[in-house]
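Undergrad: What shape does this take:
(2 chains)
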2 protein chains.
Amino acid sequence: MNHQMAQQGDIAIAAIRDAATRIMDHAVRTPLLESPMLNEHLGARVFVKPEVLQRTGSFKFRGAYTKISRIESSLRQNGVVAYSSGNHAQGVAAAAALHNIKATIVMPRDAPQIKIENTRALGADVVLYDRYTENREEISRRVCRELGATIIPPFDDVDVISGQGTVGLEIAEDMAAMGLHADKVIVPCGGGGLTSGTVVALAELSPETEVWAAEPEHFDDTVRSLAVGERLANAPEARTICDALSSPTPGEITFGINRQHLAGGVAISESDVADAMVEAFRTFKLVVEPGGAVALAAALKGHVDVAGQTVVVICSGGNVDPELFGRILAGERVFRS
Amino acid sequence: MNHQMAQQGDIAIAAIRDAATRIMDHAVRTPLLESPMLNEHLGARVFVKPEVLQRTGSFKFRGAYTKISRIESSLRQNGVVAYSSGNHAQGVAAAAALHNIKATIVMPRDAPQIKIENTRALGADVVLYDRYTENREEISRRVCRELGATIIPPFDDVDVISGQGTVGLEIAEDMAAMGLHADKVIVPCGGGGLTSGTVVALAELSPETEVWAAEPEHFDDTVRSLAVGERLANAPEARTICDALSSPTPGEITFGINRQHLAGGVAISESDVADAMVEAFRTFKLVVEPGGAVALAAALKGHVDVAGQTVVVICSGGNVDPELFGRILAGERVFRS
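TA: Numbering: from 1, shown residues only, chains lettered A, B, ... in the order given. Reported below is the predicted structural model:
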């Protein structure tokens, strides 16, 4: 049994069910939404799982709360540290506040202002760094040493993954409660935490369901890594409006899980992402950030074939600056890539 | 027993429960959302009931579907007619399509483009009229005579009111399921259909809960009518960005119910409405149209005192043009009044 198998064994469905119990009183059980008009347009039945409605505006609270709740309590008192472009930061800050412990968050200086402000408003200490010249892991480890705090990794951690897996658990339970079966579930994929948690839950509870990863163009590290069977990095000079999905490479644990279970992955252009954000606005009345809209874009634009099928699309986050959102609604070209 | 009492007797809680059963397979049971950060800021526990997530983007589908489902089937075959600035139009169009009957919708020429487009996309015939020089009721009656169709009134109808009352029923049930009690429920109020349905449900299921109506400045006909005990009209020259709440006067049935049960009403400035839309965007990741945001504005801006209380705020609709929404996010002055 190799390392990856051992790690994945740690994320049995029982660990996801345990996470669901831990977060129950604090997380939003997000509904499944659909639009008959959109369904007719696509010739499919498409449900949106709106994690934008989750506490702190993204799914990240699930993993952060699960991880913190599993830290041994005497150690937990020293606080936690996280590095994040924003959504994980807010998730950790909120989860730490609920445990009455201190959170220090290492964030890139160019993260959306709304994410930095919200992280501070949630009571965390924010340490800013330069995304392109400094190493966030190194800064985080230094802060950890100084405080005796525990790092809450953004994705490559069995506790975090099992927390994110509650999204897949809820999809399986809610579809079954409606007497439905998802042919496909499409997941926005950065480091792969949400994707790997979701595939573990669905492999157990809805094994016929194909799980697809959607990534931004130029940050399609998981798509390319799946093709060659090993972890590849994105080009250091790559840029994307999907700040939530800009991690440089798949995680070791997450990729070990994803390569075993994913049906496939697709890379989405920023123009398709913007169109999906407008569709989420018009049809679902949801504020979806660029990185949160890649899976919806994959379904809308035919990157993943949905015709004649029942498909669940995760809209993973909604923390977007009002100014950028307004420009995208106005049809301006806002692309970084 | 006067006319109003008799009418109200028709909207017993049993009629609302019946409506809930009728809409169950077609309407979204919208969740209750809260933000710990906002709660802390307000010193209150504020839940949002996001009817923006409802089928067709507003609560109106509930009443329209209930009404159409109760029309005797041989008559129903002739189709239905509705006059509406947009949300009721879409609700009726969608409900008619589900019953496989024709809907003709009489809409003001200056309704938000998104509402006109969506109504047509839902399969309805749209007849446009001038809001300030033509009489929509008269046009609707003429179309009705020509087709033998049934008018689906926007609010002043016991079936429509009982359908909208399912919002109050869900609030009472979901708060009880969480072991909570709402001190206040604040409802956006136009003609008073949602307000009266909600007060009937809560008077029965949560009699200690105060229900408050929120109206736009210059369209505070219910607030002023409550003060004098009879139905007053708004000034014909009044304008508002809250197009969903621009009905000229309270309904006869709705006002009869509201004057008996409402704890009070407040009038909200367009500036406060715009701020509430931005807060809904930032904190709840919801697209709320101006008229849908008046109740949230009432809580945020202290028009209704929420300090130390548990309050449910209904965000009643999200059908707003992208261009207007973008301008409000950008902080532009967009006011009509």
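
Undergrad: how much space between the residue of the stretch 101-250 of chain A at minimum distance from chain B and B:Ser35?
TA: Distance from chain B to each residue of the stretch 101-250 of chain A (C-beta to the nearest C-beta) is smallest for A:Ala121, at 5.8 Å. (C-beta placed from N, C-alpha, C; glycine too.) Relative to B:Ser35, A:Ala121 is positioned 11 Å away (C-beta to C-beta, to the nearest Å).

Undergrad: near chain B, which residues of the stretch 1-150 of chain A show up?
TA: A:28-31, A:33, A:36-37, A:50, A:52-53, A:55, A:57, A:94, A:97, A:114, A:118, A:121-122 (C-beta under 8 Å from any C-beta of the partner chain).

Undergrad: Filter these down to just the buried residues.
TA: Buried members of the residues of the stretch 1-150 of chain A next to chain B, counted by 16 or more other C-beta atoms under 10 Å in any protein chain shown: A:28, A:30-31, A:33, A:37, A:50, A:52-53, A:55, A:57, A:94, A:97, A:114, A:118, A:122.

Undergrad: from these, which two are the most distant?
TA: A:Met37 and A:Ala97 (40.1 Å; C-beta to C-beta).

Undergrad: Nearest spatial neighbour of A:Thr66, chain-adjacent residues omitted?
TA: In this structure, A:Thr66 finds its nearest non-sequential neighbour in A:Gly163, 3.0 Å apart by C-beta to C-beta, 6 or more residues apart in numbering or on different chains.

Undergrad: Does anything pack onto the helix or strand hosting that neighbour? Which helices or strands?
TA: A:Gly163 is part of helix A:158-177 when elements are defined by DSSP states H and E. Contacts defined by 3 or more C-beta pairs under 8 Å, 6 or more residues apart in numbering or on different chains; DSSP states H and E place helix A:158-177 against helix A:13-23, strand A:45-50, helix A:60-70, helix A:193-205, helix A:252-261, strand A:310-315.

Undergrad: do that again at 6 Å, thanks
TA: Contacts defined by 3 or more C-beta pairs under 6 Å, 6 or more residues apart in numbering or on different chains; DSSP states H and E place helix A:158-177 against helix A:13-23, helix A:60-70, helix A:193-205.

Undergrad: Mind putting those into a markdown table with mean neighbour count?
TA: What follows is the helices and strands packed on helix A:158-177, written out as a markdown table (neighbours: other C-beta atoms under 10 Å in any protein chain shown):
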| stretch | mean neighbour count |
| --- | --- |
| helix A:13-23 | 19 |
| helix A:60-70 | 28 |
| helix A:193-205 | 28 |
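
Undergrad: Check the buried ones among the residues of the stretch 1-150 of chain A next to chain B for the minimum pLDDT and say which it is.
TA: Across those, the bottom pLDDT score, 81, is held by A:Ile114.

Undergrad: For that one, which three-state class applies?
TA: At A:Ile114 the chain is in helix, as set by DSSP: H, G, I helix; E, B strand; the rest coil.

Undergrad: OK, contacts around it?
TA: By C-beta atoms under 6 Å, 6 or more residues apart in numbering or on different chains, the residues touching A:Ile114 are A:319, A:321.

Undergrad: redo that, cut-off 7 Å
TA: A:Ile114 makes contacts with A:319, A:321, B:282, as judged by C-beta atoms under 7 Å, 6 or more residues apart in numbering or on different chains.

Undergrad: Give me the neighbour count for the residue of the stretch 151-300 of chain A found nearest chain B.
TA: For the stretch 151-300 of chain A, the nearest residue to chain B under the criterion C-beta to the nearest C-beta is A:Lys285, separated by 3.4 Å. Burial measure for A:Lys285: 28 neighbouring residues, criterion other C-beta atoms under 10 Å in any protein chain shown.

Undergrad: ok, now the one 5 residues further on?
TA: Residue crowding around A:Pro290 was assessed by other C-beta under 10 Å; the count is 30.

Undergrad: Relative to B:Val288, how far out is it?
TA: Distance from A:Pro290 to B:Val288, by C-beta to C-beta: 21 Å.

Undergrad: Same question for A:Tyr83.
TA: 34 Å.

Undergrad: Which residues does stretch A:165-172 contact?
TA: Residues contacting stretch A:165-172 (C-beta under 7 Å, 6+ apart): A:11, A:16-17, A:19-20, A:23, A:29, A:49, A:51, A:59, A:62, A:182, A:185, A:194, A:197-198, A:200-202, A:205-206, A:312, A:314.

Undergrad: what is the mean pLDDT for that stretch?
TA: The predicted model gives stretch A:165-172 an average pLDDT of 98.

Undergrad: buried ones in that stretch?
TA: For stretch A:165-172, burial by neighbour count (16+ other C-beta under 10 Å) applies to A:165-172.

Undergrad: Which residue ranges of the stretch 201-337 of chain A form strands?
TA: Using DSSP state E, counting those that start in this stretch, the strands of the stretch 201-337 of chain A run over A:210-216, A:264-268, A:310-315.

Undergrad: Mean pLDDT, distance to chain B and mean neighbour count added to the ones you listed, as JSON lines?
TA: JSON lines is the format used below for the strands of the stretch 201-337 of chain A (pLDDT from 0 to 100; distance: least, C-beta to the nearest C-beta, whole Å; neighbours: other C-beta atoms under 10 Å in any protein chain shown):
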{"stretch": "strand A:210-216", "mean pLDDT": "98", "distance to chain B": "19", "mean neighbour count": "28"}
{"stretch": "strand A:264-268", "mean pLDDT": "97", "distance to chain B": "20", "mean neighbour count": "22"}
{"stretch": "strand A:310-315", "mean pLDDT": "98", "distance to chain B": "9", "mean neighbour count": "28"}
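
Undergrad: Compare those and give me the one nearest B:Asp130.
TA: B:Asp130 lies closest, by C-beta to C-beta, to one member of the strands of the stretch 201-337 of chain A: strand A:310-315, at 39.6 Å.

Undergrad: Please enumerate residues in contact with that closest one?
TA: Counting by C-beta under 7 Å, 6+ apart, A:32, A:44-52, A:167, A:171, A:180-188, A:280, A:286, A:288, A:292-293, A:295-296, A:299 sit against strand A:310-315.

Undergrad: burial of the nearest residue to A:Glu279 once chain neighbours are set aside, as a residue count?
TA: Excluding its sequence neighbours, the residue lying closest to A:Glu279 (C-beta to C-beta, 6+ apart) is A:Leu300, at 6.0 Å. A:Leu300: 23 surrounding residues under other C-beta under 10 Å.

Undergrad: By neighbour count, which of the contacts of A:Ile114 wins?
TA: Top of these by neighbour count (other C-beta under 10 Å): A:Asn319, with 29 neighbours.

Undergrad: now the strands of the stretch 201-337 of chain A as CSV including distance to A:Ala176?
TA: Formatted as CSV, the strands of the stretch 201-337 of chain A follow (distance: least, C-beta to C-beta, whole Å):
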stretch, distance to A:Ala176
strand A:210-216, 16
strand A:264-268, 24
strand A:310-315, 12
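
Undergrad: Thanks a lot, catch you later.
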